[in-house]
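compute the structure for the input listed below.
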Amino acid sequence: MKERKTYSEITFANPFVLEGLVMPLEAGTYRLVVDEQLIEGLSFPSYQPVATHLEIPAISAQLVTRQFLQVSADEIEEALKKDTESQCG
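Below is the predicted model:
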């Protein structure tokens with residue numbers, strides 16, 4: 001099966017918490033990596049997400065060491081929604 005990775009950047013204006021973390025992560029821009037797998041048997045190429053990872057710390061952090069935290073797309077979406085709501089009041 002063919003696999004690919006897609007990369008995007010997401011930005012949090014405020015510190016945020018994800019499931020499985022003891023402490024909040026700092027506000028900043030983070031790289032989101034989604035592993036996708038080709039769906040076989042279709043007449044056109046289509047990929048299905050199989051894993052999502054958040055690269056920590058934030059891209060702007062001065063630390064050289066980076067780690068990948070496995071997260072769900074829903075969890076990231078919810079954290080971004082909360083961050084946006086806290087900005088609006």
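
quick one: the strands in the chain?
Assigned by DSSP state E, the chain shows strands spanning 3-12, 28-38, 47-56, 67-71.

got TSV for these, with mean neighbour count and mean pLDDT too?
Glycine gets a C-beta too; all of them are placed from N, C-alpha and C. Output for those, formatted as TSV (neighbours: other Cβ atoms under 10 Å; pLDDT from 0 to 100):
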stretch	mean neighbour count	mean pLDDT
strand 3-12	12	95
strand 28-38	16	95
strand 47-56	15	92
strand 67-71	13	89
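
quick one: which of those is nearest residue 82?
Closest approach to residue 82 among these (Cβ to Cβ): strand 3-12, 9.4 Å.

gap between residue 32 and residue 44?
To residue 44, residue 32 is 25 Å away according to Cβ to Cβ, to the nearest Å.

ugh, wrong one, residue 82
Distance, residue 82 to residue 44, by Cβ to Cβ: 36 Å.

of the two, who's got more company?
residue 82 (14 against 5; other Cβ atoms under 10 Å).

skipping its backbone neighbours, what lies nearest the more buried one in space?
residue 16 (7.1 Å; Cβ to Cβ, 6 or more residues apart in numbering).

kindly provide the distance from that neighbour to residue 50.
24 Å.

please apply the same query to residue 75.
16 Å.

count the neighbours of residue 83 for me.
By other Cβ under 10 Å, the residues close to residue 83 number 17.

pretty sure it is touching residue 12, no?
Yes: here residue 83 reaches residue 12: they are 4.9 Å apart, a contact under Cβ atoms under 8 Å.

residues in contact with the residue nearest to residue 82?
24-25, 27, 79, 82-83 (Cβ atoms under 8 Å, 6 or more residues apart in numbering).

which of those fall in helices?
Judged by DSSP state H, helices contain the following of the contacts of residue 16: 79, 82-83.

in TSV: the residues you listed, plus distance to residue 70 and pLDDT.
Listed next are the ones in helices among the contacts of residue 16 as TSV, based on distance: Cβ to Cβ, whole Å; pLDDT from 0 to 100:
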residue	distance to residue 70	pLDDT
79	14	94
82	20	93
83	20	93
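
please identify which of the residues you listed is nearest to residue 4.
Nearest to residue 4 among the ones in helices among the contacts of residue 16: residue 79, at 24.6 Å, using Cβ to Cβ.
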